[in-house]
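In: Model the structure of this input:
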Amino acid sequence: MKMTQVTVGSIGTNCYMIYEETSKAAVVIDPSDEAVLAAARIEALGLDVKAVLLTHGHFDHSGEAAMIADKAGVPIWMHPADRTLPSWLTHGLPETKDLADGETLAFDSLRFTVIHTPGHTPGSVCFRCGDWLFAGDTLFAGSCGRTDLPGGSGADMAASLRRLAALDGDCTVFPGHGESTTLEAERKRNPYLQMALENEK
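Out: Residues are numbered from 1 along each chain as shown. Prediction:
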């Protein structure tokens with residue numbers, strides 16, 4: 001299993017492509033503005049896209065998902081709670097299939113477990129694929145997603161951070177913006193995660 005990414009749009013959204021090296025079966029997470037860059041990477045690597053997954057419905061993550069999905073003839077998956085977001089935050093959502101907390105999505109040999117992590121939006125999710133965690137705008141290196149936009153909740157974010165902290169073992173965390181990190185590093189040094197854990201006591 002391999003992964004490649006492109007950073008796109010005016011606020012630097014990370015779009016990830018996870019794929020099997022032999023079969024080229026691939027899943028695309030959060031294709032956004034400038035999806036033409038993701039499409040070019042997909043073509044250059046000869047990837048066979050099986051699905052598009054959205055960590056949440058904000059336009060900088062979902063904006064051009066339909067372009068990638070339509071070209072490949074595959075569905076887009078998103079948690080249904082984000083259909084309640086106002087249009088100025090989504091710029092119009094594409095047609096999607098529903099994600100559910102705890103389910104595992106299988107695309108050929110690729111497996112993604114859905115972890116519902118509301119806080120940034122009501123339908124925010126993370127995807128765990130082996131020892132990789134695609135965290136969207138829930139967990140960043142040294143920070144977490146903002147909760148002051150419609151649908152955001154500080155209490156939900158704290159609960160979601162505690163849930164991620166409680167995951168077994170360590171994971172490489174690939175966030176929606178910024179550099180990658182590890183779950184263990186965030187347990188030790190992320191002030192927002194530490195505050196969430198402290199407030200649980």
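
In: residue boundaries of the strands in the protein?
Out: For the chain, applying DSSP state E gives strands covering 2-8, 13-19, 25-29, 48-53, 76-78, 97-98, 104-107, 110-116, 125-129, 132-136, 139-140, 143-144, 172-175, 181-182.

In: got the end-to-end distance for stretch 113-125?
Out: 10 Å (C-alpha to C-alpha, to the nearest Å).

In: now it: how far from the chain's centre is it?
Out: 9 Å (C-alpha atoms, centre = their mean, to the nearest Å).

In: pLDDT averaged over that stretch - what is it?
Out: The pLDDT scores in stretch 113-125 average 98.

In: Using JSON lines, lay out the strands of the chain together with distance to residue 63 and mean neighbour count.
Out: Where you see a C-beta, it was placed from the backbone N, CA and C, and this is true even at glycine. Listed next are the strands of the chain as JSON lines, based on distance: least, C-beta to C-beta, whole Å; neighbours: other C-beta atoms under 10 Å:
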{"stretch": "strand 2-8", "distance to residue 63": "9", "mean neighbour count": "17"}
{"stretch": "strand 13-19", "distance to residue 63": "9", "mean neighbour count": "24"}
{"stretch": "strand 25-29", "distance to residue 63": "13", "mean neighbour count": "25"}
{"stretch": "strand 48-53", "distance to residue 63": "12", "mean neighbour count": "23"}
{"stretch": "strand 76-78", "distance to residue 63": "12", "mean neighbour count": "23"}
{"stretch": "strand 97-98", "distance to residue 63": "18", "mean neighbour count": "12"}
{"stretch": "strand 104-107", "distance to residue 63": "22", "mean neighbour count": "15"}
{"stretch": "strand 110-116", "distance to residue 63": "21", "mean neighbour count": "19"}
{"stretch": "strand 125-129", "distance to residue 63": "18", "mean neighbour count": "24"}
{"stretch": "strand 132-136", "distance to residue 63": "14", "mean neighbour count": "26"}
{"stretch": "strand 139-140", "distance to residue 63": "20", "mean neighbour count": "25"}
{"stretch": "strand 143-144", "distance to residue 63": "22", "mean neighbour count": "21"}
{"stretch": "strand 172-175", "distance to residue 63": "18", "mean neighbour count": "22"}
{"stretch": "strand 181-182", "distance to residue 63": "25", "mean neighbour count": "18"}
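
In: for the ones you listed, which one sits closest to residue 40?
Out: strand 2-8 (8.4 Å; C-beta to C-beta).

In: just the angle between that closest one and strand 125-129, please?
Out: Angle, strand 2-8 to strand 125-129, by axes from the mean of the first three to the mean of the last three C-alpha atoms, to 10 degrees: 150 degrees.
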